[in-house]
Each structure stands twice: as structure tokens, then as C-alpha cells.
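Q: the following block contains a protein sequence and its predicted model.
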Amino acid sequence: MGILFDLVNAVRTGSVEVVDLTAPLSSETPILQLPPPFANTIPFGLEEISRYDDRGPAWYWNDIHTGEHTGTHLDAPVHWVTGRDGEDVSQIPPLKLVAPAAVIDVSARVADDPDFLLEIADVREWESAHGPLPREGWLLVRTGWDARSAVQSDFLNADETGPHTPGISVECAKWLADEAPVIGVGVETVGTDAGQAFGFDPAFPCHSYVLGAGKYGLTQLQNLDRLPPVGAVVIAAPLPIVGGSGSPARVLALVER
Ligand code: MN
């Protein structure tokens, strides 16, 4: 009957598992906090319109209040000044939203060092074990940070010197942007850059280089521990917000069992 029929059958019978990489969206969902003088986004919120009452006797519905960069979300190129002439989130071709994933697990090293930075050598070592990064695929960085996502203070892990969360080195960000065959980078933290990346040169190198190269970011993923190093397919579905710099996204992975 064809590959799509086979795929649905495989999902139904469990030989392909659908793994949800998305954090639940609620008023408790952690959000980025920039220091003054920078402006900040709002927490996610539900505002009830009616709930089977005199405002609407048979129906329940809400307005939502959210930032584009709240919870699990996709960064579009136009999010960063280096990508200002690039795609907004509504302009990303749908075919790019279905893509293979490489998963690199650095969680053991992050456990010892919350400021851990992924280096080119780490990706090269991964490639020597698993083959080249997938063309037009995602590099997903498993850090174990999703275990902290229930509590904002744990997730941001900030002290008087700023947030301490893992990320990607300046050199590796530039390499992923300009040389690696990937369409983007996915992380478990609140943004694709390390907590201390405000002090890097350039500041926020993953945003600067990757979005500047017309590539994408995926943030606040979870359940990456349930993906193999190679072979998963990611379906990332941001809302097509016209002119939007990003969008909360439902991100699913298909994994053969
Ligand atoms: Mn973002």
C-alpha cells in the first residue's frame, strides 16, 4: 500500500515509536530572563473566555498569552540581527520540518560542569563512531538539563555571575553554521547558547552564527535520552506566525524499535 501506510502501521504496532520531545506549556514553564536593560518575554498563560457558563453555556475555551520563545520552541533566522534578512517562522519550508536527527550525549560531562561547551572535536568524535552528521538534519545535544525543567530556578541555574547552563563553543557554533551539513541545532536548555554566552565573542555565538547562516534552533527539548544516536526522524511544528521570530512548537521524533 505504500510507505505512508507502512509507517502508520508501524506506529500502530509499536515498531516505530513516537517520542514527544516537547515540554508541557503552562504558567510554570521556565522562560528566559535577560538582565536589565533588556526587555523580557512573558510567562505562558491561559485566560478563560467561557467554561460551560453564561459566557458560553456549552463550550470551554481560552485565550493564550505567550511569547514566541516560550517552552519548547523554534528560533527562525530572523530572530537574530545576523539573520535579519532571512526567513521568519512562517516562511520556513515545511519539508525542512521533517528531518533526521543526530543525537550527541554529553550529559555525563554536564553533570560535572554546568558551563560545559560542546566543541568541534566532540562532534568529530561522535562522527567517528556513528558516521557523518545527517545532511539537512538536526544536531540534538543531550545534556540531561531537561531533568531541571520543572523549576525555573533550577533550569536557569543563575547566580551573581549570571546563568550557568551548557551550550556550544564559539568555534563549534561557527563550524555548525558554516561547514556542518545540518539545518539546525536542538538543545534541552532555555536557549541554544550557554548561560554564560553573553560574555563570549561574539556574544551568543550559536544564535549569531547558526541563525545568521539561515539555519534554525530548537530549544527546551526533553526525552532526548529516548533517541538513538542516529536514525530518529524529527517532526518540528512551529506555528506559522507571519513575521514571527519563532514559535512554540510541538516536536516529535519517530524512532524504530
Ligand atoms: Mn528562542
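A: Alright, I've got the coordinates. Residues are numbered from 1 along each chain as shown.

Q: show me the contacts for Pro134.
A: By C-beta atoms under 8 Å, 6 or more residues apart in numbering, the contact set of Pro134 is Ala99, Pro100, Ala101, Ala102, Pro181, Val182, Val230. C-betas here are computed from N, CA, C, even on glycine.

Q: oh, I was asking about Ile92
A: Going by C-beta under 8 Å, 6+ apart, Ile92 touches Leu74, Ala76, Tyr216, Pro238.

Q: which pLDDT value goes with the residue nearest to Val170 when sequence neighbours are not counted?
A: Take Val170 and drop its neighbours on the chain: the residue closest to it by C-beta to C-beta, 6 or more residues apart in numbering is Pro205, 4.4 Å away. Pro205 carries a pLDDT score of 98 in this model.

Q: these two touch, right, Pro205 and Leu176?
A: No - assessed by C-beta atoms under 8 Å, Pro205 is found out of contact with Leu176, at 9.8 Å.

Q: which bits of the protein sit near the ion?
A: Contacts of the chain with the ion, taken as C-beta under 5 Å from the ion, map to His69, Asp75.

Q: can you tell me the helix or strand for whatever residue of the stretch 1-150 of the chain ends up closest to the ion?
A: With C-beta to the ion, the shortest gap between the stretch 1-150 of the chain and the ion falls at His69, namely 3.6 Å. Secondary structure assignment for His69, by DSSP states H and E: no helix or strand.

Q: ok, the residue nearest to it when sequence neighbours are not counted - contacts?
A: Closest residue to His69 apart from its sequence neighbours, by C-beta to C-beta, 6+ apart: Gly246 at 5.2 Å. Neighbouring residues of Gly246 by C-beta under 8 Å, 6+ apart: Glu68, His69, His73, Leu74, Asp75, Ala76, His79, Val89, Pro238.

Q: dihedrals phi and psi, the second one?
A: Put plainly, it is His69. phi -110, psi 50 (degrees, to the nearest 10).

Q: these two touch, right, it and Leu32?
A: Yes - applying C-beta under 8 Å as the test, His69 and Leu32 come out as touching, 6.5 Å apart.

Q: which pLDDT value goes with the residue of the chain most remote from its centre?
A: In the chain, the residue that sits farthest from the middle, by C-alpha atoms, centre = their mean, is Asp54; the gap is 40.5 Å. Per-residue confidence (pLDDT) for Asp54: 98.

Q: where do the helices sit along this structure?
A: Along the chain, counting by DSSP state H, helices occupy 3-13, 107-112, 120-130, 152-156, 170-178, 205, 212.

Q: need the strands for this protein, in chain order.
A: In the chain, the strands defined using DSSP state E lie at 16-20, 45-53, 56-65, 73-75, 98-105, 117-118, 138-142, 158-159, 162-163, 167-168, 184-186, 216-219, 232-238, 246-256.

Q: picking that back up, intersection of neighbour lists for Pro205 and Leu176?
A: Residues touching both Pro205 and Leu176 (C-beta under 8 Å, 6+ apart): Ile168.

Q: only C-alpha atoms, please: export stretch 225-237 in PDB.
A: C-alpha atoms of stretch 225-237 as PDB (Å, rounded to 0.1, in the frame of the first residue of the first chain):
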ATOM      1  CA  ASP A 225      17.600  10.100  26.200                       C
ATOM      2  CA  ARG A 226      15.000   8.000  24.400                       C
ATOM      3  CA  LEU A 227      16.500   8.700  20.900                       C
ATOM      4  CA  PRO A 228      19.300   6.700  19.300                       C
ATOM      5  CA  PRO A 229      22.500   8.500  18.200                       C
ATOM      6  CA  VAL A 230      21.400   8.100  14.600                       C
ATOM      7  CA  GLY A 231      18.100   7.000  12.900                       C
ATOM      8  CA  ALA A 232      15.500   9.200  14.500                       C
ATOM      9  CA  VAL A 233      13.300  11.500  12.400                       C
ATOM     10  CA  VAL A 234      12.200  14.800  14.000                       C
ATOM     11  CA  ILE A 235       9.000  16.500  13.100                       C
ATOM     12  CA  ALA A 236       9.200  20.000  14.400                       C
ATOM     13  CA  ALA A 237       5.900  22.000  14.000                       C
END
